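>>> return a 3D structure for these sequence lines:
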Amino acid sequence: MIIGQLFIFTAVIGLITTVANFIGASIYDIRAARQRQHFSRHPYASQYRQRPLVAVVINTSNDEKVIGQCLGGLTAGSYRKLEILVIDHGSTDSTRAIIQQFQAAHPKRPVRLVGRRTAMASGAVIAANVKKYTHAELVLQLSAGSLLDKQAITNLVLRYNMEPSLGVARLNRRVLSAFSTVGLFQQYREMLGVGSKKLASLLNADYEHAIDVIYRREIFLSLHKPAKRPWRTAYASDAVVRYRPNSLFYGLMRLQYQAQAEDFRSFWRQRRLSAWLRLSLALCNGLITLLLPIVVSYFIYMAIALREPAFFVLSLIITAGLVLFAIWGDEQLKTLQKVAYSLLIPVTYGLFYVLSVVKVLAMLRGLVAPKKLLARS
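So this is what the prediction gives:
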């Protein structure tokens, strides 16, 4: 009886969130297509001519293996009006030497290295460095392991020109190709989150994030203060940034917990109705993934007890259908990639369950003891 009620509850919540994500993502895509169409018809309109200075802030610490590629990706991009500010937090390897070599090899590129003796600083300290060393109108914060697509910053600037009320835009994070179960899982996690991100962007229900996000200058300098103006937050699906997957599942769990905690801090600073909606959707998604294994187990039990394999087939269809829907609706994937990811769905479902437990625990901790969580920001 209880399992049956869990099935009904999971099915209803899952149906509501799936339909909401589908409708929201479809409207988002239609609006984006209309904006691109307007731009193609009027490419020289005054609103598209603005080329604001963009400051790219990279926080690094012992990242000698990735910092060179990150800087190289920025210089290879199509947008030229850039300032690069690298804040090194006490690196003990050759990170600083690699940055200095890059400066020497690209003397015409405004790359500034700010060295600190301590470990990772708070957001307030990073904001103080931005205020001191750059006057850019837009501030893009990247991790040292991020690799921007060539058109990413150009597309972001175009989005800001199209939407004067836009304050914060989250980039489309994707995983670089990885041949491991944990890497494959991270690929699925990013793909499955696209629909909910588009819905949150449409409802202005997203909230600021710390990494791979672009801000207007005044917002970045006041991230730890209540917003004075209700700026829009959006998801930029056409601005792709790729990152290396975490090699260990324990490290992935730790990063997931930290990311969820940062989400809650951002939500708590804003506390508007749309942010509450975003938090509710995230909690529902976590609950669905937690309850889904129980429901699938129930279908397997019924299939064995009643000697009716249709129950088991139905559970597989329900489970895989949601993932397939997200994969084949992803505009960033090629056809062969969609086929490959579709065939590998069963490999990572157990990891999804464990990580959903971590995600829900982080949210519950934020709800129970928000002051402790906020004290770390």
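>>> before we move on, what SS does the residue nearest to Ala76 when sequence neighbours are not counted have?
Leaving out its chain neighbours, the residue that sits closest to Ala76 by Cβ to Cβ, 6 or more residues apart in numbering is Lys150, at 6.2 Å. C-beta: built from backbone N, CA, C; applies to glycine. Per DSSP: H, G, I helix; E, B strand; the rest coil, the local secondary structure of Lys150 is coil.
>>> from Val313, how far out is Thr134?
58 Å (Cβ to Cβ, to the nearest Å).
>>> just to revisit the earlier point, check contacts around the residue nearest to Ala76.
Taking Cβ atoms under 8 Å, 6 or more residues apart in numbering, we find Lys150 in contact with 76-78.
>>> change it to 10 Å
73, 76-79, 240 (Cβ atoms under 10 Å, 6 or more residues apart in numbering).
>>> can you check Val175 too?
Counted by Cβ under 10 Å, 6+ apart, Val175 has contacts 183-191, 242-246.
>>> for it, grab phi and psi.
Dihedral pair for Val175: phi -100, psi 130, per degrees, to the nearest 10.
>>> excluding its backbone neighbours, what's nearest Val111?
Distance criterion Cβ to Cβ, 6+ apart; nearest residue to Val111, sequence neighbours excluded, is Ile84 at 4.5 Å.
>>> flag every buried residue along the longest strand seen in the chain.
Using DSSP state E, we find that the single longest strand of the chain is strand 232-243. The neighbour-count check on strand 232-243 (16 or more other Cβ atoms under 10 Å) flags 233-243 as buried.
>>> out of these, who's nearest Ala20?
Using Cβ to Cβ, Tyr235 comes nearest to Ala20 of the buried residues of strand 232-243, at 15.0 Å.
>>> ok, the closest one touching Leu171?
Yes: using Cβ atoms under 10 Å as the test, Tyr235 is close enough to Leu171 to be in contact (8.5 Å).
>>> and the longest helix for this protein?
Ranked by residue count and defined by DSSP state H, the top helix of the chain is helix 2-41.
>>> show the end-to-end separation of stretch 317-337, please.
With Cα to Cα, to the nearest Å as the measure, the first residue of stretch 317-337 is 21 Å from its last.
>>> from the contacts of Val175, which land in helices?
Taking DSSP H as the definition of helices, the contacts of Val175 contribute 183-191.
>>> give the buried subset of those as a ChimeraX selection command.
In ChimeraX, a selection of the buried entries from these looks like this (16+ other Cβ under 10 Å):
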select :183,184,185,186,187,188,189,190,191
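>>> would you convert the ones in helices among the contacts of Val175 into TSV that also reports distance to Tyr215 and pLDDT?
TSV is the format used below for those (distance: Cβ to Cβ, whole Å; pLDDT from 0 to 100):
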residue	distance to Tyr215	pLDDT
Gly183	29	74
Leu184	32	75
Phe185	30	73
Gln186	25	78
Gln187	27	79
Tyr188	29	77
Arg189	24	76
Glu190	21	81
Met191	26	80
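>>> nearest to Ile317, of the ones in helices among the contacts of Val175?
When those are ranked by distance to Ile317 (Cβ to Cβ), Tyr188 comes first, at 18.0 Å.
>>> from Glu137, how far off is the closest residue to Ala152 other than its chain neighbours?
Nearest non-adjacent residue to Ala152, counting by Cβ to Cβ, 6+ apart: Ala239, 4.3 Å away. The gap separating Ala239 from Glu137 is 17 Å, by Cβ to Cβ.
>>> let me see the contact set for Leu324.
Here Leu324 is in contact with 317, 338, 341-342, 345 (criterion: Cβ under 10 Å, 6+ apart).
>>> now with 8 Å, please.
Leu324 neighbours (Cβ under 8 Å, 6+ apart): 342, 345.
>>> do the same with Ser143
58-59, 211-212, 243.
>>> next one: phi and psi at it?
Given degrees, to the nearest 10, the pair of backbone angles that Ser143 has is phi -90, psi 160.
>>> same question, Val111
phi -110, psi 120.
>>> hmm, it is touching Ala105, no?
No: contact status for Val111 versus Ala105: not in contact, 10.0 Å apart, counting by Cβ atoms under 8 Å.
>>> tell me which of those two has more neighbours.
Neighbours were counted for Val111 and for Ala105 using other Cβ atoms under 10 Å; Val111 has more, 23 against 12.
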